[in-house]
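Starting from these lines, generate the structure:
(2 chains)
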Amino acid sequence: MAMDSGAPTGSFRLSMLLYDTRYRSYTIQIFALFLLMLGAAWLVDNTIRNLAALGKDFSFSFLWNVSGYDISQRPIEYSSTSTHARAAWVGLLNTLILAVMACVTATVLGVIAGVLRLSNNWIIGRLMTIYIETFRNIPALLWIVVFGAIMAESMPAPRDFRGDTPEATMQVFDSVAITNRGVYIPAPQFERSLGTLDLGFVAPSLDAIAFILVVVLSIWANKRLIAHATKVQNATGVRPKTWWKSILILFGPAIVLLVALGFYLDYPALAGFNFRGGIHMRSSLIAMWLGLSFYTGAFIAEVVRGGIMAISKGQSEAAAALGIQPGKTMRLVILPQAMRVIIPPMISQYLNITKNTSLGLAVGYMDLRSTLGGITINQTGRELEGMGLMMLIYLLLSLLISSAMNLYNNRVKLRER
Amino acid sequence: MEEHHGLNYVRTEMLGEQAPPVSEVGAVRWVRENLFSGWVNTILTVISLAVIAWAVMAIGPWLLNSVWEAESLAQCREILAAAGAVNEHGTFGACWGVINDRWHQLLFGFYPPELYWRPILAFVLMLVALAPVLFPNVPRKWLFFSVAYPFIGFFLLWGGTVWLPLMIAAGFVVGYIAARLTSGYSTLITSAAAIIAPLIWWFYLMGPVTEALHSMIPIGLEAVQSNDFGGFMLSIIIGVTGIVLSLPLGILLALGRQSNMPLIKTICVVFIEFVRGVPLITLLFTASLLLNYFLPPGTNFDLILRVIIMVTLFATAYMAEVIRGGLAALPNGQYEAADALGLDYWKAQRLIIMPQALKISIPGIVNTFIGLFKDTTLVVFIGLLDPIGLSSAIRASSDWQGIYWELFIFIGAIFWIFCFGMSRYSMYLERRLKTDHR
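You can find the predicted model right below:
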């Protein structure tokens, strides 16, 4: 008789697949899986038939053929006799160089503009509002084209720098030349260089690596010094003077290293019809860099402003009650809390910059899209493989950036008990 | 009172109120508090004033020397030189003649000039169709026009036989009839019928029926090819279609991502993360280069349609994430309350969840719309003539070689008006829908 009470069990009917919520989800999922496989099969079948009709196969061997085209901006050794894979790698490096440069300047611009828009100063607040609303509401591509046109049409040609009364002069103590072919800046050089570390796919300068290593070690040592000072202060109540030790530790080793390597600046100088020496930043790079920085800077400014405004007024009032100065209130009370609000949208802005570097085509910047996704595809006719590979690289790049930033986000996240 | 009378050092009447110090009232106080309250502020004010002065000095004379009537840059420079608008770099003044000369190209691309009334009418009707959607005080009956507008707009812009848009619209009627016929069965069967019946109609029956009707009653407008579309007309077509389609699809995708069916959820997550991980430009190249591989041999369909599909898919993924944020912000009690009322999934979504989730995500939704509209400029890379593509073409023409500011200001200003208008509308909508009493 116990069987009679309780829910009806064991009487599964076929109609329950449609009407019973417990089983209906399986019906839907199986149906969806069926549709998905059908669609995939249809696409694959079409692709195979189309490839066969065109007499093509699906293979990535074209990557090891000679590319036969030049790339203007080469961070590593590359010539038209290099392979397509090498060209794609050069393009990827150019993408990364541009993305890193634009992320840094966009962050600086955005933080400044975001903080100033909230300032009590009426006039600068309005100016920043104009900057933000102008750049946010006009397409990035238009800004890139505008900066490209300014570089190409408004800047003086190298020959204008010649003669006794030149039409154009170099900037910043005669060290920077802004021309319509790009910007020439001084290049750091070493008389007793350590050479480069040739890893095949990338050849970083050993001098730069040594310098970065020394700076990182100095910063770490300085942190230890300050930790020690805090410990002494906690034990004795008197904080030992550390400022001169800090300066010595931070700058001493770096200066010693630079002197030992024979550091000097190689200034660009007019030679013939063009500038020689220094680092040549091409107009395309400058246009992309400025365009992306100013455009994304406006978005980052809004992110920063939103983050600061999300911190309740009580926080700054409490800081004022404790007698903390306004500047320190911002640095010690508001920003650390605002960072938690700011970082997630900031990640997506960095991702946007990385993806927007693909607009380089508009001004002839040779990024991944212009090399692998542009000339290589045109020359080899391998649209399917080239586009697939390029999408995969962008996808990996996005995932890498977002996971790296998420790691950082988890570190600064509010720990709730 | 008597004894105090002789003490003349005690006042017998109050002093009149004195005016506050000059530095504490009116404009002076405002300037002191807002511009010169500290040395940092003073420096900022001075720098800002210098920037403004520099901008006015640089742009003011250039604008004052505007030339509107000119057929080429050379002619414009002659007029400027004759008027004496010269500085050390040559003539100095804005040559708006380029806008005067080419505005029709920037707005309509290569659309036949004698047919300009069609895109203009379509644009005006679009505003009429949007009004009941955007503003609550427009009569609700007008929504019928909004529903009919996509077909009217399509007919006006592309022309051709009138039967094609009518038969496409008939597909929805077919779906409705199929849904009514199967309404006695499970919702699953009803929705499947409502999707499959119109698909069969569109793919297999519509073509012959349209041809038959057209041969019997040939009504229509002169057909215009997609290649002739360009300028802001193209941006608005792609932008508005993408916006209208991406919201409902984004909602479905967001619901799919929240679903507790693992397979549906996986499909949605993979789609969203893939689309958000690659630049739009690669998707557009897929539309122009790769679609020929994925479709049956011999199929070829309109490039604008392909671009609209890709832009919509792109915006849909971002939209889904925005709406997911809104869904996540809703307290669990709302879902539980809907369950407690005995509402089924779709009713709960329609009546309880979505109205709140969408309201929370208005700023994000409108930002996605603005981003989509700006992204329509990327179609220049696959050979469609959007305003930026046309500006390059104009700058390459012999008449206007070397001009750029005037063109870019014109294009930028139009984009700015649209995007800024959208962001203002979103603020208005937020205010209107605000129900809390803070």
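
contacts for stretch A:106-123?
Contacting residues not belonging to stretch A:106-123 are listed as A:124-125, A:127-129, A:131-132, A:292-305, A:308-309, A:330, A:346, A:349, A:353, B:33-35, B:37, B:41, B:44-45, B:48-49, B:52 [C-beta atoms under 8 Å, 6 or more residues apart in numbering or on different chains]. Yep, even glycine has a C-beta here, placed from its N, CA and C like the rest.

so does stretch A:287-303 get close to chain B?
No: Stretch A:287-303 lies out of reach of chain B by C-beta under 8 Å from any C-beta of the partner chain, never closer than 9.4 Å.

what is the mean pLDDT for that stretch?
Averaging pLDDT along stretch A:287-303 gives 93.

So which residues on the stretch 201-350 of chain B come close to chain A?
Contact residues (C-beta under 8 Å from any C-beta) of the stretch 201-350 of chain B with chain A: B:260-264, B:267, B:274, B:276-282, B:285-286, B:289-290, B:292-297.

All the strands of the chain, in order from the start?
With no chain named, the answer covers chain A. A:177-179, A:182-185, A:187-190, A:263-266, A:269-271, A:274-276, A:279-282 (DSSP state E).

if you could check chain B rather than the one you did, that'd help
Secondary structure of chain B (DSSP E): strands at B:86-87, B:90-91, B:160-161, B:220-221.

quick one, which of those is packed in tightest?
Greatest average neighbour count among the strands of chain B goes to strand B:160-161 (a mean of 18), per mean count of other C-beta atoms under 10 Å in any protein chain shown.

and it, what other elements does it pack with?
Counting contacts by 3 or more C-beta pairs under 8 Å, 6 or more residues apart in numbering or on different chains; DSSP states H and E, strand B:160-161 packs against strand B:220-221.

one step back: to chain B, which of the strands of chain A lies closest?
Of all the strands of chain A, strand A:177-179 sits nearest to chain B, with 15.1 Å by C-beta to the nearest C-beta.

average pLDDT across the closest one?
Averaged over strand A:177-179, pLDDT sits at 81.

Does chain B have contacts with that strand?
No: Strand A:177-179 lies out of reach of chain B by C-beta under 8 Å from any C-beta, never closer than 15.1 Å.

How confident was the prediction at B:Ser37?
With respect to pLDDT, B:Ser37 scores 77.

Just the helices from the stretch 151-300 of chain B, written as ranges.
B:163-181, B:187-200, B:206-216, B:231-258, B:262-277, B:280-285, B:291-294 (DSSP state H, counting those that start in this stretch).

right, and those helices - which one's nearest A:Trp220?
The closest of these to A:Trp220 is helix B:262-277. By C-beta to C-beta, the value is 35.0 Å.

counting contacts, what elements does the closest one pack onto?
By 3+ C-beta pairs under 8 Å, 6+ apart, helix B:262-277 packs against helix A:21-54, helix A:383-412, helix B:231-258, helix B:303-329.

Measure how the longest one sits relative to helix B:231-258, angle-wise.
Taking axes from the mean of the first three to the mean of the last three C-alpha atoms, to 10 degrees, one finds helix A:21-54 and helix B:231-258 inclined to each other by 130 degrees.

cool, the last one as well?
Following the same axes, to 10 degrees, one obtains 40 degrees for the angle between helix B:303-329 and helix B:231-258.

Give me the packing partners of helix B:303-329, helices and strands only.
helix B:231-258, helix B:262-277, helix B:280-285, helix B:354-360, helix B:362-375.

Turn those into CSV, columns for mean neighbour count, distance to B:Ile414 and mean pLDDT.
Compiled in CSV, these are given as follows (neighbours: other C-beta atoms under 10 Å in any protein chain shown; distance: least, C-beta to C-beta, whole Å; pLDDT from 0 to 100):
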stretch, mean neighbour count, distance to B:Ile414, mean pLDDT
helix B:231-258, 21, 6, 91
helix B:262-277, 17, 28, 90
helix B:280-285, 23, 21, 90
helix B:354-360, 17, 29, 89
helix B:362-375, 21, 11, 91
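
Any idea which of those gets closest to A:Glu383?
Closest to A:Glu383 of the helices and strands packed on helix B:303-329 is helix B:280-285 (C-beta to C-beta; 8.2 Å).

want to throw the helices and strands packed on helix B:303-329 into TSV with distance to B:Glu17?
Below are those laid out as TSV (distance: least, C-beta to C-beta, whole Å):
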stretch	distance to B:Glu17
helix B:231-258	60
helix B:262-277	66
helix B:280-285	67
helix B:354-360	51
helix B:362-375	49
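
A:Glu77: which of these is closest?
Comparing these by C-beta to C-beta, helix B:280-285 comes nearest, at 27.6 Å.

what separates that closest one from the chain centre, distance-wise?
Put simply, helix B:280-285 sits 19 Å off its chain's centre (C-alpha atoms, centre = their mean, to the nearest Å).

again, but for stretch A:78-89
Distance, centroid of stretch A:78-89 to centroid of chain: 24 Å (C-alpha atoms, centre = their mean).

Kindly check the end-to-end length of it for me.
Chord length of stretch A:78-89, first to last residue, is 10 Å (C-alpha to C-alpha, to the nearest Å).

Please, a ChimeraX command that selects the buried ones among the contacts of stretch A:106-123?
Written as a ChimeraX command, the selection of buried residues from the contacts of stretch A:106-123, which uses 16 or more other C-beta atoms under 10 Å in any protein chain shown, is:
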select /A:124,125,127,128,131,132,292,293,294,295,296,297,298,299,300,301,302,303,304,305,308,330,346,349,353 /B:34,35,41,44,45,48
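
The contacts of stretch A:106-123 in helices, which ones?
Counted as lying in helices by DSSP state H, out of the contacts of stretch A:106-123, are A:124-125, A:127-129, A:131-132, A:292-305, A:308-309, A:346, A:349, A:353, B:33-34, B:41, B:44-45, B:48-49, B:52.

Distance to A:Tyr26 for the helices of the stretch 151-300 of chain B - can I get that in TSV?
TSV is the format used below for the helices of the stretch 151-300 of chain B (distance: least, C-beta to C-beta, whole Å):
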stretch	distance to A:Tyr26
helix B:163-181	24
helix B:187-200	12
helix B:206-216	35
helix B:231-258	16
helix B:262-277	10
helix B:280-285	33
helix B:291-294	30
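
OK, contacts around the nearest residue to B:Ile281 once chain neighbours are set aside?
Leaving aside its sequence neighbours, B:Ile281 sits nearest to A:Ser358 (C-beta to C-beta, 6 or more residues apart in numbering or on different chains; 4.9 Å). A:Ser358 makes contact with A:95, A:367-369, A:373, A:394, B:279, B:281-282 under the criterion C-beta under 8 Å, 6+ apart.

Could you rerun that using 10 Å?
Residues in contact with A:Ser358 (C-beta atoms under 10 Å, 6 or more residues apart in numbering or on different chains) are A:95, A:365, A:367-370, A:373, A:390, A:394, B:278-282, B:285, B:378, B:381.

again, but for A:Leu335
By C-beta under 10 Å, 6+ apart, the contact set of A:Leu335 is A:111, A:115, A:304, A:307-308, A:311, A:329, A:342.

Flag the shaky bits of the stretch 251-400 of chain A, pLDDT-wise.
Counting by pLDDT under 70, the stretch 251-400 of chain A shows no low-confidence range.

interface residues of it facing chain B?
Neighbours of chain B within the stretch 251-400 of chain A, by C-beta under 10 Å from any C-beta of the partner chain: A:295, A:299, A:302, A:306, A:326-327, A:348, A:351-352, A:354-362, A:368-369, A:373-374, A:377, A:383-384, A:386-388, A:390-399.

now with 8 Å?
A:351, A:355-356, A:358-359, A:361-362, A:369, A:373, A:377, A:383-384, A:387, A:390-391, A:394-395, A:398-399.
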